[in-house]
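*Asks:* Build me a model:
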Amino acid sequence: MPTEKTSSIDSDFTLPSPVGRAWNRLVSRIRSSNIQIVYSPLYLVDLGVTPLDVLRAEKILAFLLAYGLLSPKKLLRPEIASLWDLRLAHGRRYLEELRQPESLTEIIGSEIWPDLHKQALVAQRAAVGGTILATRQALRDTDIVFNLGGGFHHASRLQGKGFCIFNDVAVAIGRARRDGFSGPILVIDLDLHDGNGTRQIFADDPSVFTLSIHNQTWDLDPAEASLSIELGADVEDATYLRALEDNIPKLISEIRPGLVYYLAGTDPAADDRIGNWNISAEGLLERDRFVASQIRRHGKRIPTVVLLAGGYGNHTWRYTARFLSWLVSGRSGIEPPSTAAMTIARYRHLTQELRTSRNLSRAEKENDWGLTEADILGGFGADARRSLFLGHYSHHAVELTLEWTGVLDRLRKMGIANPVVDLDLENPGGHTLRVFPDSRMSEILIELRVRRDRRSIPRMELLSLEWLLLQNPRAAFSGSRPPLPGQSHPGLGLLPDIISLLILICDQLQLDGITFVPSQYHLAVKGRRFLRFLEPQDEGWVRALQVPLANLPLSHATDLVSEGMLRDSLTGETVAWRPMQMVLPISERLHDRVEGESYEAAAAVAEAQTRIELATP
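*Replies:* Okay, the predicted model is just below:
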């Protein structure tokens, strides 16, 4: 397995509001598109063993819906694939072995908790059902259907491998054959990794041709109808696109497929967390456009199923979002917002739904959460407010919000079946929210301490983030992801969710923004996904500090800073980390203070006046 790579900081918070006649024409055209999307919330499971963004599909879907790129009528929800379906591609003994939790250890690459065993099976069976449904719809409508899951191409008939338990493409082909489809099939597998499992399953079937263009071939077993192209490591756009142009048009002309499966993996991207290629965002979009254009060339439409396949890191969803926006609009595509902005937009949408539910009829509320004003405030008056989180939220309202927005469900999908929420309103450092794995409260998953701050910035009130701990005591560190300073356990991957919830608190309490003072370098780096330094001079200094650390793992970079291994080349002095206030602006007046030309000019001057380098031993 390649080592994990660091990813770039995504700091754009803007979620544009599309307006104007051109946009309306585009939306009208989109709504008439035949592109259909298949997705189920059951796809989501967090096994905690890869830098996979478990919300990848949800972010893509949220983008499509937020921008009017997808009509709810074009969103299809699959059923879980039956064992009867799975037998079409997998041996009976293998399927029986999967009943034991230890059967997934080799497939996943790590031992998983028993609670996660069933969730992993259900998640992949749901995605297999998604590929079956997408195949049926594509054959019926003679068009493209996109499954926001699937692409489990390493699973062969008698074993799973590489995080792939079931081979959804093979099962869907078997189901299509059983339902009467007899035409030739082409599988175009452009995931970074070899589509070895699919090739093995159809090794003796000349009616299914498998093309895999990858970094390294996993096996050399012969297959009657296949082409396996190994390009090695460090592949650039030109080499990759040339391999497509040299092979795909010719194969489509020769095979004349009646059905195409396209595994549109995004792990060839240069910033993929475990990939070893250097394909740009433009190169990936050109790849996807080329494949789609070849499938549709000469005015002929071939039924096509597109699958999500591989892609690792918090920003990989944006590559698929670009492809889908182009696919449904027929134009250059719409640039997706930042990951941070999309997470925030998703939470704001959920909060609006929560507020709307309070205006439902009584009968409707009984089928909803039934949240009332008393639930939120827990009573009225000053005495009641002293018992509320931040003077506003009852314990019930806090727990309900964590449930409604999916935070607690995310924990359950990590194998934490019964998380417990607790509030401590007596801590002098601020109101504290804790989430425990169970009622014993012996381990902490989440510890959040916040207070209302009226002193940091004159005439503004902020939400001060005093302490935040996000950890999974049931997970283990890996060689590719060593612990950061102060970490006893791996993180939960919930930082964007927690920041989004804090933003919603600021919205509701009419606070100007969030403030945070990072005590160490790595906390500032993680915080810069969402926050900016209040003073432009601090922003410029940190930019200069990041220059000699740019290509280093975050844990190593933090050690260098804390151990005094950097120096200012202009003064010769050792560089030490210093507390600097960061803010995430919510109000316009705080936005004006930390954004704009004057702020950027001052930050640029500070950066230019600072030269930091690694100190020589």
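*Asks:* okay, CA-based contacts and neighbour counts for the rest of this
*Replies:* OK.
*Asks:* ok, S280 to D191 distance?
*Replies:* Taking CA to CA, to the nearest Å as the measure, S280 falls 15 Å from D191.
*Asks:* the more surrounded of the two?
*Replies:* D191 (25 against 16; other CA atoms under 10 Å).
*Asks:* Tell me if I am right that that one is in a helix.
*Replies:* No. Counting by DSSP: H, G, I helix; E, B strand; the rest coil, D191 is not found in a helix; it is coil.
*Asks:* pLDDT value on it, please?
*Replies:* D191 carries a pLDDT value of 98.
*Asks:* quick one: it and A269 touch, right?
*Replies:* No. Using CA atoms under 8 Å, D191 is not in contact with A269; the gap is 10.3 Å.
*Asks:* Quick check: longest helix in this protein by residues?
*Replies:* helix 114-141 (DSSP state H).
*Asks:* Any buried residues in it, and which?
*Replies:* Neighbour-count burial for helix 114-141 flags 116-117, 119-139, 141 (criterion: 16 or more other CA atoms under 10 Å).
*Asks:* same thing with stretch 394-414?
*Replies:* 394-402, 404-405, 407-414.
*Asks:* buried set for stretch 58-68?
*Replies:* E58, K59, I60, L61, A62, F63, L64, A66, Y67, G68.
*Asks:* sorry, that was for stretch 610-617
*Replies:* T610, R611, I612, E613, L614, A615.
*Asks:* So which of these sit within helices?
*Replies:* Checked against DSSP H, the buried residues of stretch 610-617 include nothing in helices.
*Asks:* Which one among those sits at the bottom for pLDDT?
*Replies:* A615 (83).
*Asks:* list the contacts for that one?
*Replies:* By CA atoms under 8 Å, 6 or more residues apart in numbering, A615 lies in contact with M565, L566, R567.
*Asks:* Compare those residues and tell me which is most surrounded.
*Replies:* L566 (22 neighbours).
*Asks:* Dig out what that one forms beta bridges with.
*Replies:* L614 (DSSP bridges).
*Asks:* And it, how far from P485?
*Replies:* When L566 is compared with P485 (using CA to CA), they lie 18 Å apart.
*Asks:* Could you list the low-confidence segments of the stretch 451-600 of the chain?
*Replies:* Within the stretch 451-600 of the chain, the segments meeting pLDDT under 70 span 479-481.
*Asks:* And the stretch 301-450 of the chain, by the same measure?
*Replies:* In the stretch 301-450 of the chain, residues with pLDDT under 70: 331-333, 346, 348-386.
*Asks:* run the last query once more with 50
*Replies:* 357-384 (pLDDT under 50).
*Asks:* for it, what spans make up the helices?
*Replies:* 317-329, 339-357, 362-366, 373-377, 382-385, 395-404, 407-412 (DSSP state H, counting those that start in this stretch).
*Asks:* How about the contacts made by A57?
*Replies:* Y39, L148, G149, W317.
*Asks:* quick one: it is in a helix?
*Replies:* Yes. Counting by three-state DSSP, A57 is part of a helix.
*Asks:* ok, back up a step: select only the buried ones of the contacts of A57 in PyMOL?
*Replies:* The buried residues among these can be selected in PyMOL (16+ other CA under 10 Å) with this line:
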select buried, resi 39+148+149+317
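*Asks:* I'd like the list of the contacts of A57 that fall within helices, please.
*Replies:* Using DSSP H, the contacts of A57 in helices are W317.
*Asks:* Now the two most distant members of the contacts of A57.
*Replies:* Y39 and W317 (14.5 Å; CA to CA).
*Asks:* Setting aside sequence neighbours, what's the nearest residue to V171?
*Replies:* A89 (5.2 Å; CA to CA, 6 or more residues apart in numbering).
*Asks:* Q159: neighbouring residues, count only.
*Replies:* Q159: 22 neighbours (other CA under 10 Å).
*Asks:* wait, it sits on E96?
*Replies:* No. Here Q159 does not reach E96: they are 11.4 Å apart, not a contact under CA under 8 Å.
*Asks:* and for these two, which residues touch both?
*Replies:* Both Q159 and E96 lack any common contacting residue under the criterion CA under 8 Å, 6+ apart.
*Asks:* so which helix or strand takes in L186?
*Replies:* Per DSSP states H and E: L186 is located in strand 185-189.
*Asks:* One more: L545?
*Replies:* helix 536-546.
*Asks:* returning to that earlier point: farthest pair within the buried residues of stretch 58-68?
*Replies:* Among the buried residues of stretch 58-68, E58 and G68 lie farthest apart (CA to CA), at 15.3 Å.
*Asks:* can you list the domains in this structure?
*Replies:* Domain ranges of the chain: 33-336, 339-516, 530-617, per automatic domain parsing.
*Asks:* okay if I get those as CSV plus distance to L523?
*Replies:* Shown next, in CSV, are these (distance: least, CA to CA, whole Å):
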stretch, distance to L523
domain 33-336, 17
domain 339-516, 10
domain 530-617, 9
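*Asks:* most packed of these?
*Replies:* domain 33-336 (a mean of 20; mean count of other CA atoms under 10 Å).
*Asks:* hey, where'd the strands end up in the stretch 101-250 of the chain?
*Replies:* 144-147, 185-189, 208-214, 226-230 (DSSP state E, counting those that start in this stretch).
*Asks:* roughly how far apart are Y319 and G283?
*Replies:* From Y319 to G283 the distance is 10 Å (CA to CA).
*Asks:* swap in I188?
*Replies:* 17 Å.
*Asks:* same thing with M582?
*Replies:* Distance from M582 to G283, by CA to CA: 35 Å.
*Asks:* swap in P536?
*Replies:* Taking CA to CA, one finds P536 at 35 Å from G283.
*Asks:* how about the helices in the stretch 151-300 of the chain?
*Replies:* 168-178, 196-201, 237-255, 281-295.
*Asks:* and for the longest one, what are the contacting residues?
*Replies:* Read it as helix 237-255. Contacts of helix 237-255 (CA under 8 Å, 6+ apart): P184, L186, I213, N278, I279, S280, G283, R287, V291, Q294, I295.
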